[in-house]
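Q: build me a model from this:
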Amino acid sequence: MQSFVADAPIRWGILGTGAIAAAFATDLALLADAELVAVGSRTLRSAVAFADRFAIPHRHGSYPALVGDEDVDVVYVATPHPAHRDSALLAIKAGKAVLVEKPFTLNAAEARDLVAAARARGTFLMEAMWTRFLPHVVRVRELLAAGRLGAVRSFMADFGGQAPSDATHRAWALDLGGGALLDLGIYPLSFASMLFGTPSSISAVSDPAVTGVDAQTAVVLTYGDGELAVVFTTLETPTACRACISGTDARIEIEGEFFAPTRFRIIDRTGPEEIYEVAHEGRGLRHQAAEVGRCLRAGLVESAAMPLAETVSIMESMDEIRRQIGLVYPSERVDSTS
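A: Model prediction:
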């Protein structure tokens, strides 16, 4: 594994030039110890346009060229969902550290492929579940570890947005891994995993869109000691996007857009209330990049805050939800004649 000098910036390359890649590039500029040095796209024209926008010195007209760039320490994979596995494998085989945009892959089998490849190569790998590293979520974990809520018994969260009505938009496209579950539902499901671990049972219902993806999905998850998580996600309506963690002594209510920089309230069973709020610059994507840098400088191949085994477990839960609602993506279909 490559060693990193403590005071040298971590050099990033972005694989993909879509909206999330642009958001990441914008936030990465807020880190003093990170440097965006390269971008790769399927076409040189797209790479050049993106590079000009963010003053990136190296522009590559192919993904292999990007992962082969000797000036790149870590690759951020920002391709459409179905391309995550192959894109990340390219970077892993090139010996690069890799941060893969959520959802990590289309399914658990692909996730296991990436984990096995990274472990065999000895390279760093992490899912870009950026919510996990936000200041308010870090504080929530500290409060839970300190027993501030008592025994945590339930979690409820929703994440809904109104996707463009154009049926060809990627959110509705079956061949691009569209649907509410993979795009939005991954956030509350990952949060529930952070709280309770792997569920012992899952019950899901869904309403499909005309394109075949899930337009909205509701999930109830149970856990080993009887804890419950209730999750709802939709592409049809903008919901409150709030989350509530309830314990025997107190509860935490996270305000709208619980998955992004925000504030929360701690409400005791007897009534007293505390508010946690911190000034924040940027969208919040830089915190996951800071975690990657910290891990690389420490010689780690994964993050304890977003471990690979948990990422695989979350993908297994997503697989079960999709099995129950009948959502299968084209790349997963097996030709019955083969």
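
Q: use CA for all of it now, contacts and neighbours both
A: Fine.

Q: report all helices and strands that the helix or strand harbouring residue 203 contacts.
A: In this assignment (DSSP states H and E), residue 203 forms part of strand 201-208. Secondary-structure packing of strand 201-208 (3 or more C-alpha pairs under 8 Å, 6 or more residues apart in numbering; DSSP states H and E): strand 214-222, helix 308-325.

Q: report the angle between the longest one and strand 214-222.
A: Here the directions of helix 308-325 and strand 214-222 differ by 120 degrees (axes from the mean of the first three to the mean of the last three C-alpha atoms, to 10 degrees).

Q: list of residues touching helix 308-325?
A: Helix 308-325 is touched from outside by 104-108, 111-112, 115, 125-127, 181-182, 186, 189-190, 193, 197-199, 202-206, 219, 302, 328, with contacts defined as C-alpha atoms under 8 Å, 6 or more residues apart in numbering.

Q: tell me which strands the helix or strand bottoming out on mean pLDDT in the chain pairs with, and in which orientation.
A: One helix or strand of the chain scores below all others by mean pLDDT, DSSP states H and E: strand 273-276, with a mean of 93. Taking DSSP bridges as the criterion, strand 273-276 forms sheet pairs with strand 264-268 (antiparallel).

Q: any idea how far the partner strand is from the chain center?
A: Mean-position distance between strand 264-268 and its chain equals 26 Å (C-alpha atoms, centre = their mean, to the nearest Å).

Q: strands along this protein, start to end?
A: With DSSP state E, the ranges of strands along the chain come out as 10-15, 34-40, 58-60, 74-77, 97-101, 125-128, 152-160, 201-208, 214-222, 228-234, 243-247, 250-254, 264-268, 273-276.

Q: save the ones you listed as JSON lines, and put in distance to residue 315 too.
A: Output for the strands of the chain, formatted as JSON lines (distance: least, C-alpha to C-alpha, whole Å):
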{"stretch": "strand 10-15", "distance to residue 315": "22"}
{"stretch": "strand 34-40", "distance to residue 315": "27"}
{"stretch": "strand 58-60", "distance to residue 315": "31"}
{"stretch": "strand 74-77", "distance to residue 315": "17"}
{"stretch": "strand 97-101", "distance to residue 315": "13"}
{"stretch": "strand 125-128", "distance to residue 315": "11"}
{"stretch": "strand 152-160", "distance to residue 315": "18"}
{"stretch": "strand 201-208", "distance to residue 315": "13"}
{"stretch": "strand 214-222", "distance to residue 315": "14"}
{"stretch": "strand 228-234", "distance to residue 315": "15"}
{"stretch": "strand 243-247", "distance to residue 315": "21"}
{"stretch": "strand 250-254", "distance to residue 315": "25"}
{"stretch": "strand 264-268", "distance to residue 315": "28"}
{"stretch": "strand 273-276", "distance to residue 315": "31"}
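
Q: between those strands, which gets nearest to residue 48?
A: For those, distance to residue 48 was read as C-alpha to C-alpha. The smallest value, 5.7 Å, belongs to strand 58-60.

Q: contact partners of that closest one?
A: Applying C-alpha under 8 Å, 6+ apart, the contact partners of strand 58-60 are 37-41, 43-44, 47-48, 51, 66.

Q: now with 6 Å, please.
A: For strand 58-60, contacts defined as C-alpha atoms under 6 Å, 6 or more residues apart in numbering pick out 38-40, 44, 47-48, 66.

Q: what do you get for stretch 201-209?
A: With C-alpha under 6 Å, 6+ apart as the test, stretch 201-209 has contacts from 214-222, 321, 325.

Q: 7 Å instead, please
A: With C-alpha atoms under 7 Å, 6 or more residues apart in numbering as the test, stretch 201-209 has contacts from 214-223, 321, 324-325.

Q: residue 297 is nearest to which of the strands of the chain?
A: Comparing these by C-alpha to C-alpha, strand 10-15 comes nearest, at 8.9 Å.

Q: mind checking how far the residue positioned nearest the centre of the chain is from residue 303?
A: Computing the C-alpha centroid of the chain and ranking residues by C-alpha atoms, centre = their mean puts residue 129 first, at 2.8 Å. Taking C-alpha to C-alpha, to the nearest Å as the measure, residue 129 falls 12 Å from residue 303.

Q: please consider this matter closed, and thank you.
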